[in-house]
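Visitor: Whatever this is, show me its structure:
(one chain, ligands or ions: 2)
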Amino acid sequence: MQVAAEALRAPDVEDLVGAVMEAVARAEPSLGAGLQRLAQAWDAGVVTPAMLLPERGRIAADAVVRASGLSADAAGFLAVAGLRPALEALYAPLREHLVEGAWSLGVCPFCGSPPGFIDVIEDGRRRLACHLCGGAWGFAKLRCPFCGVDGAQHLVRLTPEEAREEGYLVSACRECRAYIKEVDRRVRWNAGPALVEDWGSPHFDLVAHRQGYWRPVPSIVQLTARG
Ligand SMILES: [Zn+2]
Ligand SMILES: [Zn+2]
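Guide: Numbering: from 1, shown residues only. Ligands and ions are numbered 1, 2, ... in the order given. Down below sits the predicted model:
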């Protein structure tokens with residue numbers, strides 16, 4: 001995390017973040033004023049790239065929300081979409097050094113972000129995917145990655161009739177009320193990368209939101225849901 005805070009310089013990432021802000025402004029015009037304030041704060045150096053990095057289980061610092069008036073979800077989404085290319089390049093060389101099983105926490109061992117998606121791989125094990133840097137790591141099957149509670153009784157699988165698709169499900173926690181989507185790649189052998197699968201399945205997010213669950217790593221659907 002410290003690595004990224006030092007390596008990310010505003011001029012290096014502002015084209016990326018700027019492009020994402022423009023795309024979001026086009027897709028969701030109601031966010032225009034907040035994005036404008038964020039751009040001004042960025043130009044003035046009040047908001048820095050380091051403030052978009054994950055901290056204590058969430059993405060994008062309060063300072064970003066305060067400076068822009070955007071929701072925490074919108075700020076988090078901008079961080080994921082805007083910083084991903086830079087962080088992916090930054091951490092890629094470190095990935096091969098992660099020993100399987102050496103990391104058991106529910107935050108990315110590379111950048112510190114909460115996980116954004118779960119892949120169930122060939123042997124049935126779960127791998128958590130980080131949307132912010134593209135990292136992935138193995139994780140216990142019956143543990144909530146967000147609050148750490150252990151045991152099937154705490155977890156609930158949301159597979160509602162109207163959105164049933166074999167191999168896809170929403171895994172939610174009764175304790176912290178967070179959810180995360182997963183794809184079983186033994187069934188969905190042609191599924192895309194985790195980020196593509198996640199952003200491409202907003203109907204599952206809507207099902208989870210209707211039942212009162214939330215997700216720590218915001219997706220596109222949060223931009224329109226609450227602005
Ligand atoms: Zn990461
Ligand atoms: Zn939990």
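Visitor: wait, what's in contact with Phe146?
Guide: Gly57, Gly106, Pro114, Cys173, Cys176, Ala178, Ile180, Pro216 (C-beta atoms under 8 Å, 6 or more residues apart in numbering). The way it works is simple: take the backbone N, C-alpha and C, and place the C-beta from them, glycine included.
Visitor: The residues you listed in strands, which ones?
Guide: Cys173, Ile180 (DSSP state E).
Visitor: Out of the contacts of Phe146, which one has the lowest pLDDT?
Guide: By pLDDT, Gly57 ranks lowest within the contacts of Phe146, coming in at 76.
Visitor: so which of the contacts of Phe146 are also by ligand 2?
Guide: Filtering the contacts of Phe146 for proximity to ligand 2 by C-beta under 5 Å from the ion leaves Cys173, Cys176.
Visitor: Now restrict the contacts of Phe146 to buried residues only.
Guide: The neighbour-count test (16 or more other C-beta atoms under 10 Å) applied to those identifies Gly106, Pro114, Cys173, Cys176, Ala178, Ile180, Pro216 as buried.
Visitor: about what we covered before: just the closest of the contacts of Phe146 to Val196, please.
Guide: Ile180 (15.7 Å; C-beta to C-beta).
Visitor: the strands in the protein, which residues?
Guide: Under DSSP E, the chain gives strands at 54-55, 58-59, 117-120, 126-129, 136-139, 155-158, 168-173, 179-184.
Visitor: Which strands or helices does the fifth one pack on?
Guide: Right, strand 136-139. With contacts taken as 3 or more C-beta pairs under 8 Å, 6 or more residues apart in numbering; DSSP states H and E, strand 136-139 sits against strand 126-129.
Visitor: For the strand it packs on, which strands pair with it and how are they oriented?
Guide: strand 117-120 (antiparallel), strand 136-139 (antiparallel) (DSSP bridges).
Visitor: Is the first one positioned near ligand 1?
Guide: No: judged by C-beta under 5 Å from the ion, strand 117-120 makes no contact with ligand 1; its nearest approach is 11.8 Å.
Visitor: Buried residues, that strand. List them.
Guide: By 16+ other C-beta under 10 Å, the buried positions in strand 117-120 come out as Phe117, Ile118, Asp119, Val120.
Visitor: could I get the residues you listed as JSON lines with distance to Gly151 and pLDDT?
Guide: Below are these laid out as JSON lines (distance: C-beta to C-beta, whole Å; pLDDT from 0 to 100):
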{"residue": "Phe117", "distance to Gly151": "22", "pLDDT": "98"}
{"residue": "Ile118", "distance to Gly151": "17", "pLDDT": "98"}
{"residue": "Asp119", "distance to Gly151": "22", "pLDDT": "97"}
{"residue": "Val120", "distance to Gly151": "19", "pLDDT": "97"}
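Visitor: Distance to Ala25 for the strands of the chain - can I get that in TSV?
Guide: Formatted as TSV, these follow (distance: least, C-beta to C-beta, whole Å):
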stretch	distance to Ala25
strand 54-55	24
strand 58-59	20
strand 117-120	26
strand 126-129	27
strand 136-139	31
strand 155-158	32
strand 168-173	29
strand 179-184	26
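Visitor: Would you single out the least confident of these?
Guide: strand 58-59 (a mean of 84).
Visitor: Can you pull the poorly scored residue ranges out of this protein?
Guide: For the chain, applying pLDDT under 70 flags the ranges 1-2, 160-163, 225-227.
Visitor: Return the residues of it in contact with ligand 1.
Guide: Cys108, Phe110, Cys111, Ser113, Cys130, Leu132, Cys133, Gly135.
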